[in-house]
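>>> I'll drop the sequence and a predicted model, then ask my questions.
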Amino acid sequence: MRNRIIVAFIWWIVIFAAMLTAGCSRDVPDQGPAATRADHSSFLQDGIRVRRDAVRNRIWLLGLEDVRVYDAANERLIRRVALPNWSVARYACDPDMVLDESGSAIISSNVQARLWRIDGATFTVSERDITLHERENWDVGFAALAPAGNGKLLALTSLGGSLWSIDLNKGIAHMAAPAAALQNLCGLTAQQGYRP
């Protein structure tokens, strides 16, 4: 047991050093003209993640306190949604948010193996713990998400950088690639062959 604690401590130090050198980005991505008001003040500046739903003409903003949904045409706030049991670790890669085909948002926790889903029509929130196979849950929160089709997501852990395949219907995740196989600690990129 003592050796296991020592190994875990060493991994935390290695991961922390890797994060410092990788430089996890907290910049809000450029979303084009709809992201800036006429007076040039950004209404998205306090967001961790921003996603555009072109079909429904909405902009989703994941912030530190809540999720906000805006009408992209006039920048009007449609809804502010609080996530139950939500917390963000600022020492790790940021949590992520993806939109599914129905216009609903799926949000990760960078602290725990947990996902939230906000229904795009009713804005009701459901929370789901994810069971991890092949690994203990002690170090897993998810930083980056990418749709993988068939009700699945790809997710990078926020500290270890390992890639997981999450079955959303079953709430189960299986490791797809260990940390050593990935280059970008805080995000899934086209260079790795994963397209969000």
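Arrived safely, thanks for sending. Numbers count the residues shown, from 1 in each chain.
>>> quick one, strands of this structure?
Secondary structure of the chain (DSSP state E): strands located at 47-53, 58-63, 67-71, 77-81, 97-99, 105-108, 114-118, 125-129, 131-132, 142-149, 152-157, 163-167, 172-177.
>>> So for S87, which of those strands sits nearest?
Proximity to S87, assessed across those by C-beta to C-beta, is greatest for strand 114-118 (10.2 Å). The C-beta positions use only the backbone N, C-alpha and C, and glycine is treated the same way.
>>> what helices or strands is the closest one leaning on?
For strand 114-118, the elements it packs on are strand 105-108, strand 125-129, judged by 3 or more C-beta pairs under 8 Å, 6 or more residues apart in numbering; DSSP states H and E.
>>> before we move on, back to that, include mean neighbour count and mean pLDDT when you put the strands of the chain into JSON lines, please.
Below are the strands of the chain laid out as JSON lines (neighbours: other C-beta atoms under 10 Å; pLDDT from 0 to 100):
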{"stretch": "strand 47-53", "mean neighbour count": "20", "mean pLDDT": "89"}
{"stretch": "strand 58-63", "mean neighbour count": "22", "mean pLDDT": "94"}
{"stretch": "strand 67-71", "mean neighbour count": "20", "mean pLDDT": "95"}
{"stretch": "strand 77-81", "mean neighbour count": "14", "mean pLDDT": "96"}
{"stretch": "strand 97-99", "mean neighbour count": "21", "mean pLDDT": "95"}
{"stretch": "strand 105-108", "mean neighbour count": "24", "mean pLDDT": "95"}
{"stretch": "strand 114-118", "mean neighbour count": "21", "mean pLDDT": "95"}
{"stretch": "strand 125-129", "mean neighbour count": "14", "mean pLDDT": "94"}
{"stretch": "strand 131-132", "mean neighbour count": "16", "mean pLDDT": "88"}
{"stretch": "strand 142-149", "mean neighbour count": "21", "mean pLDDT": "88"}
{"stretch": "strand 152-157", "mean neighbour count": "25", "mean pLDDT": "88"}
{"stretch": "strand 163-167", "mean neighbour count": "20", "mean pLDDT": "90"}
{"stretch": "strand 172-177", "mean neighbour count": "17", "mean pLDDT": "85"}
